[in-house]
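Undergrad: Pasting a predicted model and its sequence here:
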Amino acid sequence: MHIIIVGGGGVGYELARNLSEKQQDVVVIEKDEVKARRFRESLDVMVIEDNGANAAVLEQAGVKDASMLIAVTQLDEINMIACMLAKKYDVPITIGRIRSNAYVSEQAVLSTSQLGIDIVINPERVAAMEISKMLHFPDATEIEYFNQGKVMMIGVVVDEDAGITDVPLHKLPLGQNCIVVGISDHNGKFIIPGGSDVIKPGNKIYLLGDTRTLKDISSLLHHEKTLIRQVTILGGGMIAYQLAKLLEESKQIFNVKLIEKDEHRCEGLCKTLQKTLVLQGDATEISMLREEDTDQADAVISATGDDRSNIVAALLARQFGVKKIICEVMKPHYVQVYNALGINSLINPRLLAAAQIMRLIRREDVVALSILQDEKAEVVEVILPESAKVVNRKLAEAGLPRGMLIGSVIRNGSVMVPNGNTVLKANDHLVIFAVPKVSARLDRFFASVEGNGDREQLRNRLFLAE
């Protein structure tokens, strides 16, 4: 698939890296010399150092043969023009990053289709939604839902006194509808475990299974049932704003404070947020946090837009004894710093946006795709087509490579954790856990043998994706 990415910032880089690793034909258009050089030096992609909102530049990038154009610059207007031009060249799928609600609201003068955009992405809003889920399920450091919420995946750090440590996985009393699909240790080593593997205190584990089962598993993990009421948001950027709006609209009652350094930004937030207490101040100053009773907060979200500030603010919050600390991560290499400091609830907007788009680039039977925050694995939900290689085979005979695990099978609305004797059927919903080096081979086992099809078929996939 020939894919053009307009914009070489954080989201563009994550997309280009993921796509190039999966042997896609990628062209990146970025006019900033420093950003363009980063792509040339670290990724196997073609780079054009120019303006992506220019027809001649798009032609140079091969827009006439492109299957998809993804416009993710910092400017909404550039993204819209790039998508509009792409549609003039009959590109089947256009994806545009739009941050301003003025362009996508019901009151907007032009619809997204008139703007030439098939799929709108907003990484900041997606990140805010992920944080909101964590506040509603605070025991988890990561959480994702599949099959309309029937299946849940959570990432949790295991306490020293948990009842599941130092016991082979096949002997754990997790129930029939729950399975451990991944284990990560202090050194960042990640495995997809077998029945003989054991969990050690401090390991981060990924559990996958029936949503109702996972919601009642806190006792085994030795996590106290935490109810989040008092929330302090540090930073007043787009993620912070979107999160505050979501919490204001939630059925669960939250008392929200938002601390932002910039006076002008505070004034704007005060006008648009109805129930949130907006305060001007520096979130990295201990006197400010003490004055605003941070020690009384049930959760602190550090989303200043700067990794170093987020780290300092999170450490201060931990000193105040805050139980739930969630941090925005802008640069992936800072994940190791957070882990070393014992801060495990992390949100990376770039990875979230990349996962959204990667689902469209997969075959038409992919329903959902998530990338773990430390990029150790992908979790993919697929609908098994009739002509897939593994249909009507026992799982033990499917020949899946090491590093790939079917965690759940949803059949006729019922969730089950499969074993070696489980026979896979056409139209089963499968939730698959796979490490990066084997995730590119998913299509060999779970996709239709007909392939992706022509440009018209690719365009029709939009209706399946929505």
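TA: Alright, I've got the coordinates.
Undergrad: can you give me the strands in the stretch 251-400 of the chain?
TA: 255-260, 277-280, 299-302, 324-328, 345-347, 366-371, 378-383 (DSSP state E, counting those that start in this stretch).
Undergrad: Please identify the most buried of those strands.
TA: Across the strands of the stretch 251-400 of the chain, the average number of neighbours (mean count of other CB atoms under 10 Å) peaks for strand 299-302, which reaches a mean of 28. Heads up, the C-betas are built off the backbone N, CA and C, glycines and all.
Undergrad: what packs against that strand?
TA: Helices and strands touching strand 299-302, as assessed by 3 or more CB pairs under 8 Å, 6 or more residues apart in numbering; DSSP states H and E, comprise strand 230-234, helix 307-319, strand 324-328.
Undergrad: Just the element for the nearest residue to Leu352 once chain neighbours are set aside, please.
TA: Of all residues not flanking Leu352 in the chain, Val126 sits nearest, at 4.6 Å (CB to CB, 6 or more residues apart in numbering). In this assignment (DSSP states H and E), Val126 forms part of helix 123-136.
Undergrad: Ok, which of the helices and strands packed on strand 299-302 comes nearest Pro385?
TA: For the helices and strands packed on strand 299-302, the distance to Pro385 is smallest for strand 324-328, at 38.0 Å, taking CB to CB.
Undergrad: so the closest one versus strand 230-234, what angle?
TA: Counting by axes from the mean of the first three to the mean of the last three CA atoms, to 10 degrees, strand 324-328 lies at 30 degrees to strand 230-234.
Undergrad: who does strand 324-328 pair up with?
TA: strand 299-302 (parallel), strand 345-347 (parallel) (DSSP bridges).
Undergrad: now the longest one, how far from the chain's geometric center?
TA: The gap between where strand 299-302 is centred and where its chain is centred comes out at 19 Å by CA atoms, centre = their mean, to the nearest Å.
Undergrad: Likewise for the last one?
TA: Taking the mean of its C-alpha atoms, strand 345-347 sits 10 Å from the chain's own mean (CA atoms, centre = their mean).
Undergrad: which residues touch the spatially most central residue of the chain?
TA: The residue lying closest to the centre of the chain (CA atoms, centre = their mean) is Leu352, at 2.8 Å. The neighbourhood of Leu352, defined by CB atoms under 8 Å, 6 or more residues apart in numbering, consists of 123, 126-127, 130, 371.
Undergrad: how near is it to Phe190?
TA: 19 Å (CB to CB, to the nearest Å).
Undergrad: Also Lys133?
TA: Applying CB to CB to Lys133 and Phe190 gives a distance of 22 Å.
Undergrad: Repeat that for Val417.
TA: From Val417 to Phe190 the distance is 21 Å (CB to CB).
Undergrad: What ranges does the stretch 151-300 of the chain have for its helices?
TA: Applying DSSP state H, counting those that start in this stretch to the stretch 151-300 of the chain gives helices spanning 211-215, 218-221, 238-249, 263-272, 286-291.
Undergrad: closest to Leu15 out of those?
TA: Among the helices of the stretch 151-300 of the chain, helix 238-249 sits nearest to Leu15 (CB to CB), with 19.0 Å.
Undergrad: Need the CA coordinates for that closest one. PDB is fine.
TA: Only the C-alpha atoms of helix 238-249 are listed here, as PDB (Å, rounded to 0.1, in the frame of the first residue of the first chain):
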ATOM      1  CA  MET A 238      -5.700  20.600  24.700                       C
ATOM      2  CA  ILE A 239      -5.500  17.200  26.600                       C
ATOM      3  CA  ALA A 240      -6.200  18.900  29.900                       C
ATOM      4  CA  TYR A 241      -9.100  20.900  28.400                       C
ATOM      5  CA  GLN A 242     -10.700  17.900  26.700                       C
ATOM      6  CA  LEU A 243     -10.300  15.800  29.900                       C
ATOM      7  CA  ALA A 244     -12.000  18.500  32.000                       C
ATOM      8  CA  LYS A 245     -14.900  18.600  29.500                       C
ATOM      9  CA  LEU A 246     -15.300  14.800  29.700                       C
ATOM     10  CA  LEU A 247     -15.300  14.800  33.500                       C
ATOM     11  CA  GLU A 248     -17.800  17.600  33.600                       C
ATOM     12  CA  GLU A 249     -20.100  15.500  31.300                       C
END
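Undergrad: Next, format the helices and strands packed on strand 299-302 as JSON lines and append distance to Ile119 and mean pLDDT.
TA: Formatted as JSON lines, the helices and strands packed on strand 299-302 follow (distance: least, CB to CB, whole Å; pLDDT from 0 to 100):
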{"stretch": "strand 230-234", "distance to Ile119": "28", "mean pLDDT": "95"}
{"stretch": "helix 307-319", "distance to Ile119": "28", "mean pLDDT": "92"}
{"stretch": "strand 324-328", "distance to Ile119": "23", "mean pLDDT": "92"}
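Undergrad: quick one, which of the ones you listed is nearest to Gly399?
TA: So among these, strand 324-328 is nearest, using CB to CB, at 40.1 Å.
Undergrad: Next, the angle helix 123-136 makes with that closest one.
TA: 170 degrees.
Undergrad: switch to numbering from 41
TA: Right, with 41 as the first residue, what we last looked at is strand 364-368.
Undergrad: Quick one: residues in contact with strand 364-368.
TA: With contact meaning CB under 8 Å, 6+ apart, strand 364-368 is reached by 167, 171, 174-175, 178, 266, 268, 275, 279, 338-345, 350-351, 354, 357-358, 378, 383, 385-389.
Undergrad: give me the low-pLDDT residue ranges for the stretch 241-390 of the chain?
TA: 255-266 (pLDDT under 70).
Undergrad: meant to ask about the stretch 391-506 of the chain, not that
TA: For the stretch 391-506 of the chain (pLDDT under 70), the answer is 399-408, 413-415, 489-506.
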